[in-house]
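S.K.: this one's sequence-less:
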């Protein structure tokens, strides 16, 4: 039988990081600030792997993301702020506190009640001055909008059914159309924001995350545009000389190929 190498543990990873911080010049000079870009990059790579359903690769990408958490924890430990055990302790306590229907005696009968309890507990326990204050300001705007709407909905500030949400989208589009006619740039920007907010709300109402939907559409655009590029063998000058009708024909061809 083939001898399998024993798997590394969480303790092993922590020890590896401590050694890297001492012996590797690159790792040793990193700070919380310098690692920000890598945290974002690794998060997006996890999302891309999930979108592409590359399940065999997901463990590797999650490991890269975990590395960032371990890295930040070790930097903090060196400055005697907190360590990885504190990170684990905080999230464990949080999960227990915010799931009283599992670890306590509170009755929560569906996912909506669980979400409402989660949001309201955060406001109470973290001393927040608003239900909306927990939405990260650095989050992507579409995701930020959805989180704001979700939080507002936990106290009943929501549409009763989908039709009024659709009507709101149409209303905002009409207002945008009017401001485009008036050529008032600031008002156009305001109305465009209202349209996007309304569309995010529509997605939330029908259980579609706008951020995910737009990311998938971006990927679809890339695939179809690259199909057009292939028809010209990457000759951008030839593409630029082509008529819009010709480019559209290849675009429709790409759409047909995806069916």
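M.R.: Structure's in. What do you need? None of these values were measured; they are calculated from a predicted model.
S.K.: pretty sure residue 148 contacts residue 133?
M.R.: No. Here residue 148 does not reach residue 133: they are 10.5 Å apart, not a contact under C-beta atoms under 8 Å. Placement of C-beta: from N, CA and C, glycine included.
S.K.: these two: who's more crowded?
M.R.: residue 148 (18 against 13; other C-beta atoms under 10 Å).
S.K.: please name the residues that touch the more buried one.
M.R.: With contact taken as C-beta atoms under 8 Å, 6 or more residues apart in numbering, residue 148 is in contact with 132, 135.
S.K.: which strand or helix spans it?
M.R.: According to DSSP states H and E, residue 148 maps onto helix 141-153.
S.K.: buried set for that helix?
M.R.: Within helix 141-153, the residues that qualify as buried are 142-151, 153, counting by 16 or more other C-beta atoms under 10 Å.
S.K.: next one: stretch 156-174
M.R.: Residues of stretch 156-174 classed as buried under the neighbour-count rule (16+ other C-beta under 10 Å) are 159, 165, 168-169, 172-173.
S.K.: now stretch 83-94
M.R.: Quick answer for stretch 83-94 (16+ other C-beta under 10 Å): residue 84.
S.K.: where does the chain dip in pLDDT?
M.R.: 1-3, 127 (pLDDT under 70).
S.K.: which stretches in it count as helices?
M.R.: With DSSP state H, the ranges of helices along the chain come out as 10-23, 25-29, 36-51, 55-78, 84-97, 100-103, 111-125, 141-153, 162-182, 185-205, 210-231, 236-241, 244-257.
S.K.: could you chop the chain up by domain?
M.R.: For the chain, automatic domain parsing gives the domain ranges 10-95, 213-257.
S.K.: returning to that earlier point: got the buried residues of stretch 156-174 as JSON lines, with distance to residue 254 columns?
M.R.: As requested, these are exported to JSON lines (distance: C-beta to C-beta, whole Å):
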{"residue": "159", "distance to residue 254": "36"}
{"residue": "165", "distance to residue 254": "32"}
{"residue": "168", "distance to residue 254": "33"}
{"residue": "169", "distance to residue 254": "28"}
{"residue": "172", "distance to residue 254": "31"}
{"residue": "173", "distance to residue 254": "27"}
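S.K.: closest to residue 216 among those?
M.R.: Taking C-beta to C-beta as the measure, residue 216 sits nearest to residue 169 out of the buried residues of stretch 156-174, at 19.6 Å.
S.K.: wait, that closest one touches residue 195, no?
M.R.: Yes. Residue 169 lies in contact with residue 195 (C-beta under 8 Å); the separation is 7.2 Å.
S.K.: now do the contacts for the spatially closest residue to residue 87 that is not a sequence neighbour.
M.R.: Excluding the flanking residues, the one nearest residue 87 by C-beta to C-beta, 6 or more residues apart in numbering is residue 73, at 5.5 Å. Contact analysis of residue 73 by C-beta under 8 Å, 6+ apart lists 82-84, 86-87.
S.K.: cutoff 10 Å now
M.R.: For residue 73, the contact set (C-beta atoms under 10 Å, 6 or more residues apart in numbering) comprises 14, 17, 81-88.
S.K.: same question for residue 136.
M.R.: By C-beta under 10 Å, 6+ apart, the residues touching residue 136 are 143-144, 147.
S.K.: circling back: so which of the domains of the chain is nearest residue 202?
M.R.: Nearest of the domains of the chain to residue 202, taken as C-beta to C-beta: domain 213-257 at 10.4 Å.
S.K.: hmm, back to that, just the angle for the helix holding residue 148 relative to helix 111-125, thanks.
M.R.: In terms of direction (axes from the mean of the first three to the mean of the last three C-alpha atoms, to 10 degrees), helix 141-153 departs from helix 111-125 by 90 degrees.
S.K.: would JSON lines of the contacts of residue 73 with distance to residue 54 be doable?
M.R.: Listed next are these as JSON lines, based on distance: C-beta to C-beta, whole Å:
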{"residue": "14", "distance to residue 54": "28"}
{"residue": "17", "distance to residue 54": "26"}
{"residue": "81", "distance to residue 54": "36"}
{"residue": "82", "distance to residue 54": "34"}
{"residue": "83", "distance to residue 54": "33"}
{"residue": "84", "distance to residue 54": "28"}
{"residue": "85", "distance to residue 54": "32"}
{"residue": "86", "distance to residue 54": "33"}
{"residue": "87", "distance to residue 54": "28"}
{"residue": "88", "distance to residue 54": "28"}
